[in-house]
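> Quick check, what structure comes out for this input:
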Amino acid sequence: MAVSEATPGPTTHKPGLRREIGFIGLIWASEGSIIGSGWLFGAQGALAAAGPAAIISWAIGGVAILILALVHAELGGMYPVAGGTARFPHYAFGGAAGASFGWFSWLQAATVAPIEVLAMITYGQHYSWANGWEKVRSGEHVLTPPGIAVAIGLMAVITAVNFLSIRLLARTNSAATWWKVGIPLLTIFVFAIAQFHTANFTAADGFNPYGAKGILSAVSTSGIIFALLGFEQADQLAGESANPKRDIPRAVIGSIVIGILIYILLQVVFLAALPASQIGSHWATSAFTALSGPFAQVATLISLAWLATILYLDAVVSPGGTGLIYITASSRVSFGLSRNGYVPTAFERTNSRGVPWVGLITAFVIGCVCFLPFPSWRSLVGLITSASVLMYAAAPLSFGVFRNRLPDAHRPYRLPGGSWMSPLAFIVANLLILWSGWTTDWKLGVAILLGYVILVANRVFKMNPITPQLDLRAAQWLPVYLVGMGLIVYLSDFGPLKHPWFPLWWDIGVTAVFSLAIYYWAMAVALPTEQIQSMIDKVVVPEEEEIL
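Numbers count the residues shown, from 1 in each chain. Down below sits the predicted model:
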C-alpha cells in the first residue's frame with residue numbers, strides 16, 4: 001500500500017464540498033481568472049519589453065499555454081477532485097513529488113489575489129483621494145503605508161465574499177466575468193475605430209528593436225504568461241462540478257482560446273492607438289511606459305472620456321473578480337493537500353455552506369504579507385509566473401505516467417498525439433521558466449525552500465494523521481530537475497553572467513535536452529500501476545462519492 005490515507009474518517013468534517021457548478025460556472029471561473037489585471041497592464045509591459053514585436057510574444061505565449069492547457073484538460077476529466085493540479089503528481093510519483101508540486105500550486109494561487117489588489121490601487125491613482133496610496137520609486141508605483149492598509153481591506157472584502165456557498169460564488173463570478181470579457185471586447189472595437197495609426201508599428205526604434213531575446217523575455221517577464229494564467233481553475237474546482245467529466249475539458253480549452261484571441265487583439269489596438277506624444281526614440285523609455293492606467297489614460301488622450309470612465313470602473317471589477325476566484329482556488333488546493341496528508345487536517349474543515357474556511361483565512365494572511373516584499377504590480381508578476389509554470393510542469397509528467405501506467409483508464413477527453421504532446425508540454429514549461437530570468441527564479445527558489453520547511457514541520461509534528469509514503473525512488477529526479485533548471489537559467493543568456501555559458505538559442509537547446517532527460521527519467525521511476533490505482537481507489541473514488 002502506497003500511503004496510509006485510507007477512507008477518510010472523522011477529519012473529513014462534513015458536510016464537505018458540494019457539486020453545484022455547471023459548465024458556464026466552470027468556464028467563467030477559468031475565463032474570469034484569465035481576464036484580470038493582466039489585460040489592464042499586459043499590453044503596456046509587453047510593448048516596452050519587445051516593441052511592436054510584442055504581438056509575436058503574445059502568440060508564442062498563447063501557443064505555450066494552450067499546449068499546457070490541453071494536457072490539463074485530459075487530467076481534469078479523468079480525476080475531478082478538489083485542487084486537482086496539486087494532486088495529480090501525488091498519484092503519479094508519491095509523497096515527495098506530490099508535496100513539492102502541491103506547494104508550488106498553492107503558492108501560485110495564494111499570491112494572485114494580492115497582485116489583483118495592487119492593480120486596483122494602481123489604476124485608482126486617477127482619483128485625487130487615492131493619490132496617497134502609492135508613490136513612484138525607481139519608475140514603479142509602490143504602496144505607501146496607507147496604501148498597504150487599503151490593500152489589506154480589499155483583501156478582506158474578497159475573502160469575505162468567498163464565505164458564500166460555492167453556488168452563489170460561481171454565480172457572482174459568472175456575472176462579473178460577462179462584464180470582464182465584454183469590456184476588453186468593447187475597448188478593442190472602439191480603439192480600432194477611433195484611432196489606428198499603422199505607422200506606430202515601425203515607430204521609435206523599429207518593429208523588433210530588441211531581437212529574439214526581447215521577444216522571448218517579454219513572454220515571461222512583462223506579464224504575458226501571467227495574463228494567460230487561470231485556465232486551470234476549472235481543474236481546481238473539479239470537486240464541485242455538477243458534471244466534471246463532460247464539462248472540465250471543455251471549460252479548460254475554451255477559456256484559453258478565448259483569452260488568447262482577446263489579448264492579441266488588445267496588444268494590436270493599444271499599439272495602434274498610441275498618440276505620437278507617447279512614443280519616443282526607444283520603446284523601452286517612451287512616455288506610455290509611465291502611465292499608471294494605460295488603457296484608460298490612452299482613451300482619455302484620444303478623446304474617449306466615456307470609455308476611460310468605464311475602464312476605471314473595470315479596473316475594480318476585473319482584478320477583483322480574478323482575486324476572488326484565486327482565493328477560492330487556494331482554499332481548494334489546501335483542502336486537497338490536507339486530504340493527501342501534506343498539511344494539517346484543519347484545512348479540510350468546511351462551514352455549513354461547504355466552504356473550506358481555514359484555507360480562506362490562511363490565503364488572506366499570506367496575501368497580505370506579500371504586500372511587504374512586493375509592493376508593486378510588476379514586482380510580483382515574475383514570481384507568480386515562475387511559480388505557476390513550475391506548477392504546470394507537473395501536469396505533463398503526471399499525464400505521461402497515467403498514459404503509460406493506466407492506458408485503459410476512462411478518459412472523457414483524450415488528447416490527440418498525447419505521446420509527443422506530453423514531453424513537448426514539459427519542454428514548453430521549462431522554457432517559460434528560462435525566459436523568466438535569474439532575477440525572478442532565485443526568489444522562487446527561496447519560496448520553494450520555505451515550502452519544504454512547512455511540509456517537514458507538518459510531518460514531524462504530526463499535524464495530520466495521514467502520513468504519505470515519501471516514495472523517494474519515484475521522486476529521485478526532482479532535486480536534479482530543480483537544481484538543474486536553476487543552473488541552466490544562471491548560466492544562460494537570461495542569467496546574471498556577462499559572458500553566459502549558454503548564449504541565446506543554445507540555452508533553448510540545452511533546456512529542451514535537459515527537459516527530455518528529466519521527463520523520461522521520471523517516466524521510468526514513477527510509481528507502479530498497482531500503487532497508483534490503489535491510491536486512486538482509496539482517495540479519488542471515495543471523495544467523488546462524498547461530495548454532495
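
> When you work out contacts or count neighbours from here on, use the C-alpha atoms and nothing else.
Fine.

> Okay, now the unreliable bits of the stretch 101-250 of the chain?
Across the stretch 101-250 of the chain, residues meeting the criterion (pLDDT under 70) sit at 139, 165-175, 233, 235-245.

> where along it do the strands fall?
Remark: strands assigned in the stretch 101-250 of the chain by DSSP state E, counting those that start in this stretch are 134-137, 140-143.

> Remind me what the helix or strand where residue 383 lies packs against, helices and strands.
In this assignment (DSSP states H and E), residue 383 forms part of helix 377-405. Where contact means 3 or more Cα pairs under 8 Å, 6 or more residues apart in numbering; DSSP states H and E, helix 377-405 is packed against helix 54-78, helix 84-93, helix 95-123, helix 211-221, helix 224-228, helix 418-436, helix 438-460, helix 506-525.

> neighbouring contacts of the fifth one?
Same thing as helix 224-228. Applying Cα atoms under 8 Å, 6 or more residues apart in numbering, the external contacts of helix 224-228 come out as 34-39, 42, 46, 57-58, 61-62, 65, 218-220, 256, 259-260, 381, 384-385.

> before we move on, what about stretch 151-160?
113-114, 117-118, 121, 320, 323-324, 327, 360-361, 364, 367-368, 371.

> one more time with 10 Å
Outside stretch 151-160, the residues within contact range by Cα atoms under 10 Å, 6 or more residues apart in numbering are 113-118, 120-121, 133, 143, 145-150, 320-328, 357, 360-361, 363-365, 367-369, 371.

> Buried members of those into ChimeraX, please.
Remark: buried members of these, expressed as a ChimeraX selection using 16 or more other Cα atoms under 10 Å:
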select :113,114,115,116,117,118,120,121,133,143,147,148,150,320,321,322,323,324,325,326,327,328,357,360,361,363,364,367,368,371
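
> what are the phi and psi angles of the nearest residue to residue 471 once chain neighbours are set aside?
In this structure, residue 471 finds its nearest non-sequential neighbour in residue 94, 5.3 Å apart by Cα to Cα, 6 or more residues apart in numbering. With angles defined as degrees, to the nearest 10, residue 94 sits at phi 90, psi -170.

> Could you double-check that residue 94 lies in contact with residue 476?
No: look at residue 94 against residue 476 with Cα atoms under 10 Å: they stay out of range, at 11.1 Å.

> Common neighbours of those two, please.
The contact lists of residue 94 and residue 476 share residue 526, where a contact means Cα under 10 Å, 6+ apart.

> Which one's more surrounded, those two?
residue 94 (28 against 17; other Cα atoms under 10 Å).

> What confidence value was assigned to residue 489?
On pLDDT, residue 489 comes in at 93.

> try the one 10 residues further on
At residue 499, the model reports a pLDDT of 90.

> that older thread, who touches the residue nearest to residue 471 in this structure?
Residue 94 touches 2-3, 87-88, 340, 468-475, 526-527, 531-532, 535, counting by Cα under 10 Å, 6+ apart.

> Likewise for residue 186?
Here residue 186 is in contact with 192, 307 (Cα under 10 Å, 6+ apart).

> same for whichever strand or helix holds residue 295, what does it pack against?
In the assignment (DSSP H and E), residue 295 maps to helix 294-301. Under the contact criterion of 3 or more Cα pairs under 10 Å, 6 or more residues apart in numbering; DSSP states H and E, helix 294-301 touches helix 37-50, helix 95-123, helix 166-194, helix 244-273, helix 305-339.

> got JSON lines for these, with distance to residue 461 too?
Below are the helices and strands packed on helix 294-301 laid out as JSON lines (distance: least, Cα to Cα, whole Å):
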{"stretch": "helix 37-50", "distance to residue 461": "40"}
{"stretch": "helix 95-123", "distance to residue 461": "16"}
{"stretch": "helix 166-194", "distance to residue 461": "33"}
{"stretch": "helix 244-273", "distance to residue 461": "36"}
{"stretch": "helix 305-339", "distance to residue 461": "14"}
